[in-house]
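Participant: Output the structure for:
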Amino acid sequence: MLEAQVSNYNAFMKEVKVMYPGWDGKRHYTLSDLQAIVHEYAKKTMPSYQELSNYLHVFKKVMQPLLAEDRIGKAEHNHIFMEGIPKDTQALIRTRLMIKCPDHYPQDPYPFMDIFTAGHFVL
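Facilitator: Okay, the predicted model is just below:
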């Protein structure tokens with residue numbers, strides 16, 4: 001660290017960043033990370049609103065940076081969120097969403113926060 005020897009913090013940080021690739025804070029998560037979370041939660045039972053809230057928290061932690069970096073689309077993350085909910089709970093949520101949003105086009109995924117709100121209602 002020749003450049004950073006003269007107590008220049010900016011030079012020091014520049015050299016540290018070179019020594020640790022990925023330290024810049026970008027690309028912490030990948031789509032595979034998000035899919036792993038979804039598969040993990042899809043296998044679990046979701047007996048309570050608390051478990052759904054835990055899933056939302058973990059999902060958003062990974063999804064938001066991916067969305068901000070334009071590495072995942074809005075429709076895609078809405079679709080993926082529903083996949084992480086066990087099938088029996090999904091059926092209840094879909095029924096609630098069909099009642100609440102009768103004009104929703106069936107091929108479009110529901111917004112993930114609408115899914116969460118419906119899950120809150122049914123659980």
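Participant: okay, CA-based contacts and neighbour counts for the rest of this
Facilitator: Will do.
Participant: Pull the residues that contact stretch 95-105.
Facilitator: For stretch 95-105, contacts defined as C-alpha atoms under 8 Å, 6 or more residues apart in numbering pick out Asp114, Ile115, Ala118, Val122.
Participant: The third one reaches Ile93, doesn't it?
Facilitator: Yes - the criterion here is C-alpha atoms under 8 Å, and Ala118 meets it with Ile93 at 5.5 Å.
Participant: Helices of the chain, residue ranges please.
Facilitator: For the chain, the helices defined by DSSP state H cover 9-19, 31-43, 49-68, 74-83, 87-100, 112-122.
Participant: Go through the contacts of stretch 95-105 and give me the one with the most neighbours.
Facilitator: Within these, most neighbours by other C-alpha atoms under 10 Å means Ile115, with 22 neighbours.
Participant: That residue contacts Met82, correct?
Facilitator: Yes - assessed by C-alpha under 8 Å, Ile115 is found in contact with Met82 at 7.2 Å.
Participant: And for Cys101, the neighbour number?
Facilitator: Cys101: 12 surrounding residues under other C-alpha under 10 Å.
Participant: do the one 10 residues further on as well
Facilitator: By other C-alpha under 10 Å, 15 other residues sit near Pro111.
Participant: what sits against it?
Facilitator: Listed by C-alpha under 8 Å, 6+ apart, the contact set of Pro111 reads Ala75, Asn78.
Participant: and the gap between it and Val62?
Facilitator: 17 Å (C-alpha to C-alpha, to the nearest Å).
Participant: One more: His39?
Facilitator: Relative to Val62, His39 is positioned 14 Å away (C-alpha to C-alpha).
Participant: Please say which of those two ends up with more neighbours.
Facilitator: Using other C-alpha under 10 Å as the criterion, His39 and Val62 rank with Val62 on top: 18 against 15.
Participant: I'd say that one and Ser32 touch.
Facilitator: No - in this structure, Val62 is not within contact of Ser32 by C-alpha under 8 Å, at 10.2 Å.
Participant: From what I see, Lys74 and Leu66 are in contact.
Facilitator: No - counting by C-alpha under 8 Å, Lys74 does not reach Leu66; the two are 10.3 Å apart.
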